[in-house]
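K.L.:
I would like the atomic coordinates for the input below:
(2 chains)
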There are 2 protein chains.
Amino acid sequence: MNKQQTTPVNTAMDTTATGLPEPTLRRLPWYLAYVTTLRRENVEYVSSTRISAEVGVDASQIAKDLSFLNIKGKTRIGYEVARLESRLRDFLGFDQQHNAVIIGAGSLGSALMRDSGLLRYGLNLVAAFDIDEQIVGGEIRGIPIYHISRLGEIARDRQVNIAAVTVPVDAAQVVADTIMDVGIRAIWNFTPCRIMVRPNVVVQNTSIYSHLAVMYNRLKQ
Amino acid sequence: MNKQQTTPVNTAMDTTATGLPEPTLRRLPWYLAYVTTLRRENVEYVSSTRISAEVGVDASQIAKDLSFLNIKGKTRIGYEVARLESRLRDFLGFDQQHNAVIIGAGSLGSALMRDSGLLRYGLNLVAAFDIDEQIVGGEIRGIPIYHISRLGEIARDRQVNIAAVTVPVDAAQVVADTIMDVGIRAIWNFTPCRIMVRPNVVVQNTSIYSHLAVMYNRLKQ
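P.N.:
Residues are numbered from 1 along each chain as shown, chains lettered A, B, ... in the order given. Model (predicted):
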């Protein structure tokens, strides 16, 4: 197993590939969610002050965040809602299709395969992989489940760049190593494990169970 | 609608209800995942050096984190694996049952209802709520789906402290206000919206779609 390097932990000072500060990138989806609501209500313009009141971020910070996308509001009128929405969606990558696979078609993995929201946010699940002979060969919502041994072949054929990992904790690192071996560059880690990755491999941790621990702890107050 | 205060953004200096620094709380599930693997392999003792090599956290930091739980390793032998696992599970709240509801039994909501992993991590989904007459009255994996108007009654009867929000973005804040109105103290927010909450209400954001944006951005490198 190769465990050359851990993922660097992002701090508020980090910037991302596109030179955007990471905190800005994390706020942009809040603005998008709000302007999507406005557009559905046929609102044409919105001020940073109004966005601020809704999402709880300083209006000056909002203006600064949006300036990274080369979006400027008009004095007194504000931002054009439809344009702001489409610019945000495009910038965040939700309008492109990113081919992805699920590794581990158990409870959480098959739940994700049933979530049509992923495709709306640009994630196109083309296949799932498992080792359980009971489920290999089957499919969920049209997404085929293959044996993990076929990962390399299918990742190449379908130009897969992202693998979501929803395996039991015991298997998380071994599976991550396999993913990297076949050349997939991004790992979406749903396990509560810390996955060790090689340089230039992107890891996004979405450990919903770890989030539960934080919530339980705060509830004790 | 009441929008008295935004959730405070946690920084590395924040401590949680139990006086535990938040970064420590976020690392504990990594240690738990690893020692669970070891226990299944019948390993009896583990050193902080070995945990360090697996999870990519300094051994001294690990010892410090575990000291918050009043766990100390023995010189040269290390930590007793079974005891460390059970202490971590207990401390993180995974061994208690926390009654919770799902608001929004659509694609993501029903996916979560199918994930048996939640119960293993202490989250007991007792009911789901929606406004869609097509699905109200039904059930998924034995979890009944009620009309949202019954939230207060059922939350009281079943002593529900946690509500997971999986509604469309337009409805997120209204639903959050309803949740707070009926006295539920913790909101697990799966929407990409920033939810504004009253003081003493706990919010945990698990916006899987926002995480996608971060991953897409890093992949552009």
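K.L.:
in the top helix by length along chain A, which residues are buried?
P.N.:
In chain A, assigned by DSSP state H, the helix with the most residues is helix A:22-40. Across helix A:22-40, burial judged by 16 or more other C-beta atoms under 10 Å in any protein chain shown covers A:22-39. (C-beta placed from N, C-alpha, C; glycine too.)
K.L.:
which strands or helices does the next helix or strand along the chain from that helix pack on?
P.N.:
Where DSSP states H and E defines the elements, the next helix or strand beyond helix A:22-40 is strand A:45-46. Secondary-structure packing of strand A:45-46 (3 or more C-beta pairs under 8 Å, 6 or more residues apart in numbering or on different chains; DSSP states H and E): strand A:79-80, helix A:81-92.
K.L.:
sheet-wise, list the partners of strand A:45-46 with their directions.
P.N.:
Note on strand A:45-46: by DSSP bridges, its sheet partners are strand A:79-80 (antiparallel).
K.L.:
contacting residues around the strand it pairs with?
P.N.:
For strand A:79-80, the surrounding residues in contact (C-beta atoms under 8 Å, 6 or more residues apart in numbering or on different chains) are A:35, A:44, A:45, A:46, A:47, A:48, A:51, A:66, A:71, A:73.
K.L.:
do stretch A:142-154 as well
P.N.:
Applying C-beta under 8 Å, 6+ apart, the contact partners of stretch A:142-154 are A:101-103, A:105, A:113, A:125-131, A:135-139, A:160, A:175, A:178-179, A:181-183.
K.L.:
how about 7 Å then?
P.N.:
The contact list for stretch A:142-154 (C-beta atoms under 7 Å, 6 or more residues apart in numbering or on different chains) reads A:105, A:113, A:125, A:127-131, A:135-139, A:178, A:182.
K.L.:
which of those sits closest to residue A:171?
P.N.:
The closest of the contacts of stretch A:142-154 to residue A:171 turns out to be residue A:131 (C-beta to C-beta; 8.5 Å).
K.L.:
so what's that closest one up against?
P.N.:
A:147, A:148.
K.L.:
quick one on the thing from earlier: just the buried ones out of the contacts of strand A:79-80, please.
P.N.:
A:35, A:45, A:46, A:47, A:48, A:51, A:66, A:71, A:73.
K.L.:
which residues touch the second one?
P.N.:
Residues counted as contacts of residue A:45 (C-beta under 7 Å, 6+ apart) are A:77, A:78, A:79, A:80, A:81.
K.L.:
buried members of the residues you listed into ChimeraX, please.
P.N.:
Of these, the buried ones go into a single ChimeraX selection, burial set by 16+ other C-beta under 10 Å:
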select /A:78,79,80,81
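K.L.:
now the contacts of residue A:45 as CSV including pLDDT and distance to residue A:194?
P.N.:
CSV is the format used below for these (pLDDT from 0 to 100; distance: C-beta to C-beta, whole Å):
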residue, pLDDT, distance to residue A:194
A:77, 90, 48
A:78, 93, 43
A:79, 95, 40
A:80, 95, 43
A:81, 96, 41
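K.L.:
from chain B, how far off is the residue lying farthest from the centre of chain A?
P.N.:
What lies farthest from the middle of chain A is residue A:76; by C-alpha atoms, centre = their mean that is 34.9 Å. Using C-beta to the nearest C-beta, to the nearest Å, we find residue A:76 at a distance of 24 Å from chain B.
K.L.:
that's a helix at that residue, yeah?
P.N.:
No: applying DSSP: H, G, I helix; E, B strand; the rest coil, one finds residue A:76 to be coil, outside a helix.
K.L.:
give me the phi and psi for it.
P.N.:
In terms of degrees, to the nearest 10, the main-chain angles of residue A:76 are phi 70, psi -30.
K.L.:
in chain A, which strand is the longest?
P.N.:
The longest strand of chain A (DSSP state E) is strand A:123-130.
K.L.:
near chain B, anything from that one?
P.N.:
Yes: using C-beta under 7 Å from any C-beta of the partner chain, strand A:123-130 comes into contact with chain B via residue A:123.
K.L.:
tell me which strands the next helix or strand after that strand pairs with, and in which orientation.
P.N.:
Next helix or strand after strand A:123-130 toward the C-terminus (DSSP H and E): strand A:139-140. Partners of strand A:139-140 in the sheet, by DSSP bridges, are strand A:143-147 (antiparallel).
K.L.:
list the buried residues in the partner strand.
P.N.:
Result for strand A:143-147 [16+ other C-beta under 10 Å]: buried residues A:143, A:145, A:146.
K.L.:
which one of the buried ones among the contacts of strand A:79-80 sits closest to residue B:203?
P.N.:
The closest of the buried ones among the contacts of strand A:79-80 to residue B:203 turns out to be residue A:51 (C-beta to C-beta; 19.1 Å).
K.L.:
without its sequence neighbours, what residue ends up closest to that closest one?
P.N.:
residue A:62 (5.4 Å; C-beta to C-beta, 6 or more residues apart in numbering or on different chains).
K.L.:
which residues does the helix or strand containing that neighbour contact?
P.N.:
Taking DSSP H and E as the definition, residue A:62 sits inside helix A:59-67. With C-beta under 7 Å, 6+ apart as the test, helix A:59-67 has contacts from A:24, A:27, A:28, A:31, A:48, A:49, A:51, A:52, A:73.
K.L.:
10 Å instead, please
P.N.:
With C-beta atoms under 10 Å, 6 or more residues apart in numbering or on different chains as the test, helix A:59-67 has contacts from A:20-21, A:23-28, A:30-31, A:47-53, A:55, A:57-58, A:71-73, A:79, A:84, A:87-88, A:91.
K.L.:
using CSV, list the CA coordinates for it.
P.N.:
Output in CSV follows, covering the C-alpha atoms of helix A:59-67 (Å, rounded to 0.1, in the frame of the first residue of the first chain):
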residue,chain,number,x,y,z
ALA,A,59,-22.9,42.5,2.5
SER,A,60,-19.4,43.7,1.9
GLN,A,61,-18.1,40.1,2.0
ILE,A,62,-20.8,39.1,-0.5
ALA,A,63,-19.7,41.8,-2.9
LYS,A,64,-16.1,40.7,-2.5
ASP,A,65,-17.0,37.0,-3.0
LEU,A,66,-18.9,37.7,-6.1
SER,A,67,-16.2,39.9,-7.5
